[in-house]
Structures are given as C-alpha cells and as structure tokens.
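Visitor: Below: sequence and its predicted model.
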Amino acid sequence: MQNGSLGKISIVLGKGKIQNNVFLFNSNGENRLEIDIIDPNIKSGSGATLVTIRTKKHPFTFFLRDVSSNFPIYIPEYKVIVIPAEDNSGYKEISEMISNKHLLSKLDRIESEKEESFDSAAKLTRDQPCPVWLGLSRDVRLFQVDFARKNEAHEYESIRPQLAASPVKLKELDGEDALYIFVPGRGQGPIVNSMRRLEDGYIPILHTKLIDEDITYSSICFASLEKSELNSSNVAGTNYLIADSFSYGHMFTSEQRKMLYKELKKTKSKEEETVLYFHIEAENTSSVPRYAWFKNPRPAHWAAGFSYTFNSETGFSLFKDSFVFCVSKLNGNALHDEETAILLQPGEKANFDFYLPHEPVSLERATELSRQSFNSRYSECKNYWQTAINTAATVVLPEKRIEEMMYAGLLHLNLISYGEEPEGTLAPTIGIYSPIGTESSPIIQYYNSMGWKDKARRSLQFFLDKQHEDGMIQNFGGYTVETGAALWSMGEYFRYTKDTAWLRSVEPKLIKACDFLINWRNQNIRNELKGKGFGMISGKVADPNDDYHQFMLNGYAYLGLIRVVEMLGNSIIAEAASTKKTA
C-alpha cells in the first residue's frame, strides 16, 4: 500500500485465512476478498493511493481511484476482477457482461484488421525529415547535407563539414564553423515539390529531385577521396580516441587523455581531403524555352569585413588567403558566374557540378581536383559501398522498403563506427554521441546478426580499452550503467561466435569488471538500506542526475554478471558459483 493505510481485510466468499496483511485462500472456485483502506487519496495527479496484491504467481498493482462498477479492473489472464466493495456482482456475472460487449484489445484489433504495410503506415505517421550524413567508413570527416527535405521550404540548401559530431572550424572564418549555402532553382516558393532517396534505397549516395514548375533539378551527391581511388585499402580511418573526442558526451580518465594527446601529435598533415562531389542536372520539361537557375556554394558567414572571391576563369571559390573551398563547373567547363541563369530549350538539360573539399585546399590541389571525373568517382563510390554490403548477410523481405532500411541502417552504423583500418579498435558512436555501453549494444549486436563479427569484436574492444583501473566501464556523460551493459553485449557476441581466442585474451578484463560490480553491490549491503534497495547498486542511468537503486542499472548488472559466468564458468569455477549467486 502506498499513500494510504490498510484497514481490515476479510474473506467474504470462499474459505481461507487472514493474518495481518496476509491472506490465503484454500477453497476452489470463486473467492472474494474485501479490503478496507484508511485515508485514501483518489484525486488526479501525484500521490494517489496504490494497492498491491502480492501473490506468488500473478502479483498486480492498481490505482484505487481507477476502481469502479461501470468499468471494473479486469485481468482475465489472472482470473481477477477489482470492483467497489458495495457492488455484489460475481466474477462470472461481470466477465460475461464484459464479454457481451464484444470489446477488442489493441492487439485483438490489430489482428482483425487488414495486414499493415510500410507504405500504408507511413501515410498516417508523422514525417520527421532529418539531414543526411555522407562520408567514408571509419573516417570522422563527414558532410551534413540539408537538401530537398519534403515539405520544408528553405531560403537555401546547406552543407556543413563535420568531424564526427563536431563542426569544422576554419581559420579563414576567424575560427567560426564552416557552413556553405547554395540554391538550385529560383529559391523559396509557395510550393515545395521535392523528394530524396539513397542509391538503390540503401547506399550512402544521395539522390534528390526538385520540381520548380517547368524545370526539374535532379541531383546526385556523395563523399569520396580527393586524389586516390576510393576503395577499402585507401581509407585509413581515424583513431578511436580522436573520434571519441569529437563526439558529444565523451569522458576520458587522465591516462586516456594522455593517450589522446599522443595520438593527436601523431596525426599527419592531411595530404588528401575527403570531398563532397555534387552533380545537378536541370531539365526543361515544358514545350517552350525556360530558364534554369543555380547559385553556387558560398560561406554562410556574415561577420563584418569577411570576404571571399570567385574566379570566373577557373570556377574556383577562394578565401582571401587563396585557399579554395569549392570547384564548380557548368556543362563540363569552369563555371563563369556565381549566380547563373541559363535558357534551356524544350527537353534540353544543363549540368552543374561542384566539388567541395572537407577543408580548403591549395590552388595546385584545386586544379587537380577540377580534373576529377564525376562519373568515375560516382562509379567508385557505389562499388565501395556495395563491396561492403556484399560481406553482410543477405536479407530478403516481402516489404522491400523495410529490407532497404535494414541495409541502409547497417551502412550508416558502419559509416560512424570510427577507427583505423584495417585492424584495431572501433568507436561505435550513436549519431552525434560517444559510444555508451547501453546504446551501442544494439549496434554491435546488429553487426553480429548481419555476419559482421569482426566489426562487432572491434567495437567491443572500445569498452575494454577504456576500462578504468578499478574495473568500471564508463565513457559517456557521467552515466554509471555501462559496465553491466557492455559485459552483456560481450556475452551476446560470444553466443554468436564462440570466439574462444578472443575470450582468452579479454578474460582478465571481464573478471575485473565483474569484481567492480560485486564490490559496488557490497557497498549497498547495509542495514539502513533494508527495504530501500538493500543489496542493489545505485547510480545514474540517463541524463537526469538522480542516483538511486534503479531497475535498469541493476538489470544490466545482472545480465553482465550472468553472461560472464556463462562465458568463463569452466575457467573460473571457484568464482563462478559466487558470481552467479550475486547475479
């Protein structure tokens, strides 16, 4: 009982015993228990009276204010009905009354309706368009593209170079964030008629279409390398500590921070940038001549005294120190004007191309970049991602859209699992956030389920590499829930792979993490905690700073301990029984 006091309880139908607040029925058939509650609170809001019936098989809890004769609390699976004491109706009478109403639960209604499809569900679901991230696996150099979002009119489209989640800050912009804006078509109008889609539904190459009355602008954009052929051998990646430092919420011990600084010092000057390759085809679909419009990318920087130049002979956009931030072409030749209107005859097309390096490059490098073939780079990029997906499990579903989303999700997760190639630790980030034992677990387990056990193993290593001296695993925002969650994920990896060589190599770290959880629990075995979390660990599991004995924290600790016992039981026989008992 909460927020009220228990008065008298009595058995008014059936046989049994009552002692204080404990009841026992010893008769078959229908039984009826009456409960008297003193000083109840049946008002709306917090502090309402809660009643718990704690039986061995089917315990349940209800708000006292919810009890009524018109709509009884009915749990057919438990064969339980709760009604006001003055209502003399019996179980059979009430259950038949409810049955005669032919009511359907949500699950019953779903089962009775026509089979749902993704498309039919999507029509009724809130559309929440988001930016697109384009980049290369393992490499923190990303491009965030806000382009052709359905039903969202913008004054301009934008491209934001990022290092994982962090914006790129340029000295040419006085240390401000790099952000470039451009406009295909005539700009913002009363109608937004646009669409976007990934290559083949899942490859990280963005296709968009913007219909501006009689001119259709179709675009293709993707990230690739500045000079080298795009393949897995030429993508070096980014050290996992550096990648972690560019993500939100990261945490480092003093020793880890020293390791980070060492890695940053080892980082060479970038001899090759990643580049966003962008192609826009404008087509006149009318029966008369029409103008196509294009405004070239420029910095979205309004500070007083800031300036840049556009070279009409080369199509280069330059900061004042002659470093080039964009290379642009029209129909294969250098773009002559930043803002261009070109008259197209019926059925005629014009091609606008621009290549935007992740950070500005010298004039010499820009000249070499201008010679790159968009079509060749496009073919390389598609092959790069298709080669990656070919190593994953094959999925064939009746709903093609969901099949595409499974593959698209897998490649997106692979895109933002940062680390050095071809081997070594990966940082399985969660969008803009650093890896965390809880939320990175489904990423790692998805890798396992899709046959990418190598990527799963390398991602798990992140949590072992960053383990604290006392055995704790903690990487994100002061959360204390990670140790158990990471151990659980490691146990799931072993269930998938039976990788005994890996297990032997990490065994000391697993035992150390278990010892940390057990010692933590021992600190909570105190008499003053009896009835208030005795023997449970307390800590922070989410953003609010509310350390207490939470189910989630203890649930993950249980999972972690029990999985380690499962993995190591034969090699730590002496400790296994004790650890299992603690779990």
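Guide: Yes, it's here.
Visitor: contacts, neighbours, all on C-alpha from now
Guide: OK.
Visitor: How about the contacts made by the closest residue to residue 308 other than its chain neighbours?
Guide: Using C-alpha to C-alpha, 6 or more residues apart in numbering and skipping residues adjacent in sequence, the residue nearest residue 308 is residue 319, 4.6 Å away. Residues near residue 319 by C-alpha atoms under 8 Å, 6 or more residues apart in numbering: 172, 307-309, 325.
Visitor: and if you look at residue 207?
Guide: Contacts of residue 207 (C-alpha under 8 Å, 6+ apart): 196-199, 218-221.
Visitor: out of these, who has the most neighbours?
Guide: residue 221 (24 neighbours; other C-alpha atoms under 10 Å).
Visitor: where does it land in three-state SS?
Guide: strand (DSSP: H, G, I helix; E, B strand; the rest coil).
Visitor: Is it in contact with residue 278, as I believe?
Guide: Yes. Judged on C-alpha atoms under 8 Å, residue 221 makes contact with residue 278 at a distance of 4.4 Å.
Visitor: Now residue 324: closest residue in space, sequence neighbours ignored.
Guide: residue 318 (4.4 Å).
Visitor: all strands for the stretch 1-150 of the chain, in order.
Guide: 5-13, 16-19, 22-25, 32-38, 50-53, 60-63, 73-75, 80-82, 132-134, 141-146 (DSSP state E, counting those that start in this stretch).
Visitor: Who are the packing partners of the longest helix along the chain?
Guide: For the chain, the helix that runs over the most residues, judged by DSSP state H, is helix 500-522. In terms of contacts (3 or more C-alpha pairs under 8 Å, 6 or more residues apart in numbering; DSSP states H and E), helix 500-522 is packed against helix 482-497, helix 551-568, helix 573-582.
Visitor: Convert it to CSV, retaining C-alpha atoms only.
Guide: Extracted C-alpha coordinates of helix 500-522, given in CSV (Å, rounded to 0.1, in the frame of the first residue of the first chain):
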residue,chain,number,x,y,z
THR,A,500,37.4,-18.7,-27.6
ALA,A,501,40.7,-17.0,-28.7
TRP,A,502,39.1,-13.6,-28.1
LEU,A,503,37.7,-14.8,-24.8
ARG,A,504,41.1,-15.9,-23.5
SER,A,505,42.6,-12.5,-24.5
VAL,A,506,40.0,-10.5,-22.6
GLU,A,507,39.3,-12.8,-19.6
PRO,A,508,41.3,-10.7,-17.1
LYS,A,509,39.3,-7.5,-18.1
LEU,A,510,36.0,-9.4,-17.8
ILE,A,511,36.8,-10.7,-14.3
LYS,A,512,38.0,-7.2,-13.3
ALA,A,513,34.6,-5.7,-14.4
CYS,A,514,32.7,-8.4,-12.5
ASP,A,515,34.7,-7.7,-9.4
PHE,A,516,33.8,-4.0,-9.8
LEU,A,517,30.1,-4.8,-9.9
ILE,A,518,30.3,-7.2,-6.9
ASN,A,519,32.3,-4.7,-4.8
TRP,A,520,29.8,-2.0,-5.8
ARG,A,521,26.9,-4.2,-4.6
ASN,A,522,28.7,-5.0,-1.4
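Visitor: what's the distance between residue 241 and residue 257?
Guide: Remark: distance between residue 241 and residue 257 (C-alpha to C-alpha, to the nearest Å) = 9 Å.
Visitor: Kindly report the same for residue 537.
Guide: According to C-alpha to C-alpha, residue 537 stands 28 Å off from residue 257.
Visitor: how about the strands in the stretch 401-550 of the chain?
Guide: Counting by DSSP E, counting those that start in this stretch, the strands of the stretch 401-550 of the chain are 417-419, 426-428.
Visitor: what's the first one in contact with?
Guide: It refers to strand 417-419. In contact with strand 417-419 (C-alpha under 8 Å, 6+ apart) are residues 137-140, 237-240, 243, 425-429, 459.
Visitor: Now residue 32: closest residue in space, sequence neighbours ignored.
Guide: In space, residue 32 is closest to residue 13, 4.7 Å off (C-alpha to C-alpha, 6+ apart).
Visitor: now residue 132, which residues is it bridged with?
Guide: For residue 132, the beta-bridge partners are residue 145 (DSSP bridges).
Visitor: center of the protein - which residue?
Guide: residue 430 (4.8 Å; C-alpha atoms, centre = their mean).
Visitor: hang on, the earlier thing: just the ones of the contacts of residue 319 in strands?
Guide: The strands, defined by DSSP state E, take in 308-309, 325 from the contacts of residue 319.
Visitor: which one among the residues you listed gets closest to residue 504?
Guide: For these, the minimum distance to residue 504 (C-alpha to C-alpha) is 50.0 Å, reached by residue 325.
Visitor: Give the full set of residues in contact with the nearest residue to that closest one once chain neighbours are set aside.
Guide: Nearest residue to residue 325 in three dimensions, chain neighbours excluded: residue 360, at 4.4 Å (C-alpha to C-alpha, 6+ apart). Counting by C-alpha under 8 Å, 6+ apart, residue 360 makes contact with 323-326.
Visitor: shaky segments in the stretch 1-150 of the chain?
Guide: By pLDDT under 70, the low-scoring segments of the stretch 1-150 of the chain are 148-150.
Visitor: re earlier: mind putting the contacts of residue 207 in CSV, pLDDT included?
Guide: Output for these, formatted as CSV (pLDDT from 0 to 100):
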residue, pLDDT
196, 92
197, 95
198, 97
199, 97
218, 97
219, 97
220, 98
221, 98
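Visitor: Tell me the one of the residues you listed nearest residue 110?
Guide: Of the contacts of residue 207, the one sitting nearest to residue 110 (C-alpha to C-alpha) turns out to be residue 197, at 30.3 Å.
Visitor: A helix includes the closest one, no?
Guide: No. Counting by three-state DSSP, one finds residue 197 to be strand, located in no helix.
Visitor: Look up how far residue 387 lies from it.
Guide: Distance from residue 197 to residue 387, by C-alpha to C-alpha: 20 Å.
Visitor: Domain boundaries for the chain, per the record?
Guide: 5-112, 132-237+274-387, 435-582 (automatic domain parsing).
Visitor: which of the helices and strands packed on helix 500-522 sits most buried?
Guide: Sort the helices and strands packed on helix 500-522 by mean neighbour count, taking mean count of other C-alpha atoms under 10 Å, and helix 482-497 sits at the top with a mean of 23.
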